[in-house]
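J.: for reference, the sequence and a predicted model appear below.
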Amino acid sequence: QVQLVESGGGLVQPGGSLRLSCTASGFAFSTYAMSWYRQPPGKQRELVAAIQSFGGNTKYVDSVKGRFTISRDNAKNAVYLQMNSLKPEDTAVYYCNPLAVWGSVAVPSDYWGQGTQVTVSS
């Protein structure tokens with residue numbers, strides 16, 4: 001079955017950096033666009049970044065452009081999110097997800113891991 005395991009979250013001061021990792025199994029990873037979503041406390045889950053199957057194209061929500069970088073390693077069935085210049089508003093649980101639809105509006109699949117908590121606070 002599909003498994004997604006996120007890691008790398010933690011507590012960091014504003015301006016700091018974290019690198020999130022997600023390892024995947026149970027599906028043809030290299031053929032799927034992959035994404036990172038986040039869910040801040042009391043808010044809906046939102047798309048943060050996405051990368052096409054062979055890494056050719058990426059997309060980001062405006063609030064993280066220039067600060068976050070998504071990448072993938074198809075040989076390791078892994079996707080990463082490098083987060084720099086972190087802000088308190090980046091505080092959320094972060095999830096990776098194999099996208100059902102890339103398109104002009106990304107549509108997530110029904111597969112979610114347990115997420116990893118990122119807390120940005122002084």
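T.: Thanks, I have the structure now.

J.: and residue 27, what does it touch?
T.: Going by CB atoms under 8 Å, 6 or more residues apart in numbering, residue 27 touches 2, 98, 111. For every residue, glycine as well, the C-beta is placed using N, CA and C.

J.: then residue 118?
T.: So residue 118 contacts 9-10, 12, 18, 20, 38, 83, 86, 90-94 (CB under 8 Å, 6+ apart).

J.: can you say which of these are buried?
T.: 9, 12, 18, 20, 38, 83, 86, 90, 91, 92, 93, 94 (16 or more other CB atoms under 10 Å).

J.: want to try CSV for the residues you listed, with secondary structure and pLDDT as columns?
T.: CSV is the format used below for these (DSSP: H, G, I helix; E, B strand; the rest coil; pLDDT from 0 to 100):
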residue, secondary structure, pLDDT
9, coil, 97
12, strand, 98
18, strand, 98
20, strand, 98
38, strand, 98
83, strand, 98
86, coil, 98
90, helix, 98
91, coil, 98
92, strand, 98
93, strand, 98
94, strand, 98
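
J.: for those residues, which one is nearest residue 45?
T.: Proximity to residue 45 was ranked across the buried ones among the contacts of residue 118 by CB to CB; first place goes to residue 38, at 6.9 Å.

J.: and the strands in the chain, which stretches?
T.: Ranges of strands within the chain are 3-7, 10-12, 18-25, 34-39, 46-51, 58-60, 68-73, 78-83, 92-101, 107-108, 116-120, based on DSSP state E.

J.: which of those comes out lowest on mean pLDDT?
T.: Ranked by mean pLDDT, the strands of the chain bottom out at strand 107-108, which scores a mean of 90.

J.: burial count for residue 119?
T.: Residues lying near residue 119 (other CB atoms under 10 Å) number 16.
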